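Enquirer: Give me a 3D structure for the following:
(one chain, ligands or ions: 1)
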Amino acid sequence: MLQPASLDLLIALRELLGEAHVLTSGDLSAYEQDWRKRTRGQALAVVRPSSTQQVADVVKACAQANVSIVPQGGNTGLVVGGIPDNTGAQVLLSLQRMNTIRAIDADNLALTAEAGCVLQNVQQAAEQSGFLFPLSLGAEGSCTLGGNLATNAGGTQVVRYGNARELCLGLEVVTAQGDVMHSLSGLRKDNTGYDLRHLMIGSEGTLGIITAATMKLYPMPAARLTAWAAVPSVAHAVKLLGLAHQHLGAGVTGFEMMGQFALRLVDKHYPQLRVPLWQDTPYCVLLENSDSESEAHARQRFEHLLELALEDGCVSDAVVAENLSQARNLWHIRESITLAQAEEGLNIKHDISVPISSIPRFVEETDALLTREISGVRLVNFGHLGDGNLHYNVQAPEGCDTQAFLRDHEDRVNALVYQSVKRFKGSISAEHGVGSMKVDSLPHYKDPVALALMQRIKHALDPQGLLNPGRVVR
Ligand SMILES: Cc1cc2nc3c(=O)[nH]c(=O)nc-3n(C[C@H](O)[C@H](O)[C@H](O)COP(=O)(O)OP(=O)(O)OC[C@H]3O[C@@H](n4cnc5c(N)ncnc54)[C@H](O)[C@@H]3O)c2cc1C
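Expert: Just a heads-up that it's a prediction; the model follows:
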């Protein structure tokens, strides 16, 4: 039974957005359930504004009714940050209808798009104008630019272009009071005080609602080549990365590492993808070389690098994709690991980073710790080695009841992995964010002064605590 205040709010929201864009019944699972289908919430209503002004009006109406708001883009987040809690009292604000590319400024190498634009559509809009928008991740067919910025998404091109933060020149944001901050200038230099853009990026909807962004574009490379290499160990993969930086310079645009068990899962669940070289090596690496000159130039430099690496022993075998379709298939294999893991059953995910130089010892020590503590545990280790980020995931022993495994071991596994991360001066969330999944772990691993400052910033910007409460900081 709804309280009269909630009924009044629903009437006000319907007046603002129209009946069709305030959803309270029917199948709302696409908005209320997280991507991994581990958590389901319930919203008072799902609202779908189509303009910045409508977002501001919704925020004002909710603030007046003291009702909290959960912003949502494509709902592909992996830390349960973009769905409502189960009280039935929160408004879920979907940005999906705000999906216009507002402008492309070729001379300024910049694109301005609304927050609900699907990442792949932003990439395509850039490409149609002859530019590269380099942010790229497995969920790019459904995640949104606003969600990418709210989580400071990383992905596969960070080694060269940085994460969402490094690509952002300006933001339009609706504050917790329903005011609009217009900061969409495409300026590359602007030292007029605190850079609020950087406060909003990565704040996961807890400080403001991003409604549009101006992003950097890059010239389209003349050639992009992809290679797949078998490496004898993690230390050899790190050595290969060093060689690639030395010999390809800024040409290194992708450097992913995948453990044998991760590839075995892809081979098992998607045999049509034909995973190369995985059976006889503990790790494979996917490298991408972008070149501004020509394909022949790119191939010659790439092959030279791989010859050196073979001579040096840090690569035991390698293939270079002959054409775009082969390259796409290699990337598809890498991007299918998450899905293959889901096919295999429930698992415990980690998105950690440690300094690249510490990765070999981190993996060696943490592998040993987990296999000693939990007999038969299977480690799905893969990730963006080029920027020090591993998805160090833990799959239940073969044939084990996965629900029971999670119930009995999840907290212990998380503690072991996070303590190991701490010993190596790393982060328990490299690119997925904190959401509600890691909010209670954060105080154990974050500098206490930094955490206290975060809490004070949250309180100063959102004193009513209405924007995505219980996420990132309590
Ligand atoms: C198969 C797969 C692969 C992935 N690979 C990667 C990867 O390589 N790198 C990576 O970084 N992530 C990856 N992710 C995680 C996810 O795709 C990213 O976090 C993405 O940036 C989330 O975008 P979204 O639009 O789906 O956001 P949502 O899931 O809708 O929301 C995520 C968070 O942002 C907030 N939010 C959303 N939109 C706004 C807005 N406009 N204003 C304010 N707050 C907002 C939400 O409240 C929530 O806290 C992957 C996910 C999947 C399913």
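
Enquirer: Tell me the secondary structure at the closest residue to the ligand within the stretch 1-150 of the chain.
Expert: Going by Cβ to the nearest ligand atom, the ligand is nearest to G147 of the stretch 1-150 of the chain, at 2.1 Å. Yep, even glycine has a C-beta here, placed from its N, CA and C like the rest. Applying DSSP: H, G, I helix; E, B strand; the rest coil to G147 yields a three-state assignment of helix.

Enquirer: Residue numbers of this protein in contact with the ligand?
Expert: Residues of the chain lying close to the ligand (Cβ under 6 Å from any ligand atom) are 35, 70-78, 81-82, 95, 115, 137-139, 143-144, 146-148, 150-151, 153-155, 204-205, 209-210, 338, 431-432, 435, 468, 471.

Enquirer: go with 5 Å
Expert: For the chain, the residues in contact with the ligand under the definition Cβ under 5 Å from any ligand atom are 35, 71-78, 81-82, 95, 115, 137-139, 143-144, 146-148, 150-151, 153-155, 204-205, 209-210, 338, 431.

Enquirer: Please tell me I have it right and the residue of the stretch 1-150 of the chain closest to the ligand contacts V79.
Expert: No: at 11.8 Å, G147 does not count as touching V79 under the criterion of Cβ atoms under 8 Å.

Enquirer: Would you verify that A212 is located in a strand?
Expert: Yes: checked against three-state DSSP, A212 lies within a strand.

Enquirer: check contacts around it.
Expert: A212 is in contact with T52, M98, R102, T112, A113, E114, A115, L171, E172, L184, counting by Cβ atoms under 8 Å, 6 or more residues apart in numbering.

Enquirer: Now intersect those residues with the helices, please.
Expert: T52 (DSSP state H).

Enquirer: hang on, the earlier thing: tell me which of the residues of the chain next to the ligand fall in helices.
Expert: G146, G147, N148, A150, T338.

Enquirer: check contacts around the nearest residue to the second one once chain neighbours are set aside.
Expert: Okay, so that is G147. The spatially closest residue to G147, leaving aside those adjacent along the chain, is G73, at 3.1 Å (Cβ to Cβ, 6 or more residues apart in numbering). For G73, the contacting residues are 82, 94-96, 115-116, 143-148, 150, taking Cβ under 8 Å, 6+ apart as the criterion.

Enquirer: Among those residues, which one sits closest to P276?
Expert: C143 (28.2 Å; Cβ to Cβ).

Enquirer: pretty sure the closest one contacts G155?
Expert: No: in this structure C143 lies outside contact range of G155 using Cβ under 8 Å: 9.7 Å.

Enquirer: Give me the pLDDT value at the residue in the stretch 301-450 of the chain positioned nearest to the ligand.
Expert: Per Cβ to the nearest ligand atom, E431 is where the stretch 301-450 of the chain lies closest to the ligand, at 3.5 Å. The model reports E431 with a pLDDT of 96.

Enquirer: just A213 next, same as before
Expert: Each residue has a pLDDT score; the one for A213 is 98.

Enquirer: just use 379 as the starting number from now, easier for me
Expert: Sure, I'll start numbering at 379, so the last one becomes A591.

Enquirer: Specify the beta-bridge partners of it.
Expert: Under DSSP bridges, the beta-bridge partners of A591 are A491, L549.

Enquirer: Any idea how many residues pack against it?
Expert: Applying the criterion other Cβ atoms under 10 Å, we find 30 residues in the vicinity of A591.

Enquirer: which of the contacts of A590 are buried?
Expert: The neighbour-count test (16 or more other Cβ atoms under 10 Å) marks T430, M476, T490, A491, E492, A493, L549, E550, L562 as buried among the contacts of A590.

Enquirer: Disregarding residues adjacent in the polypeptide, which is nearest to the first one?
Expert: The shortest distance from T430 to any non-neighbouring residue, by Cβ to Cβ, 6+ apart, is to T589 (4.4 Å).

Enquirer: since we're on the one you found, how many residues are nearby?
Expert: Summarising burial for T589: neighbours were counted as other Cβ under 10 Å, giving 26.

Enquirer: tell me the pLDDT at E685?
Expert: Each residue has a pLDDT score; the one for E685 is 96.

Enquirer: in a helix, that's where it is, yeah?
Expert: Yes: assessed by three-state DSSP, E685 belongs to a helix.
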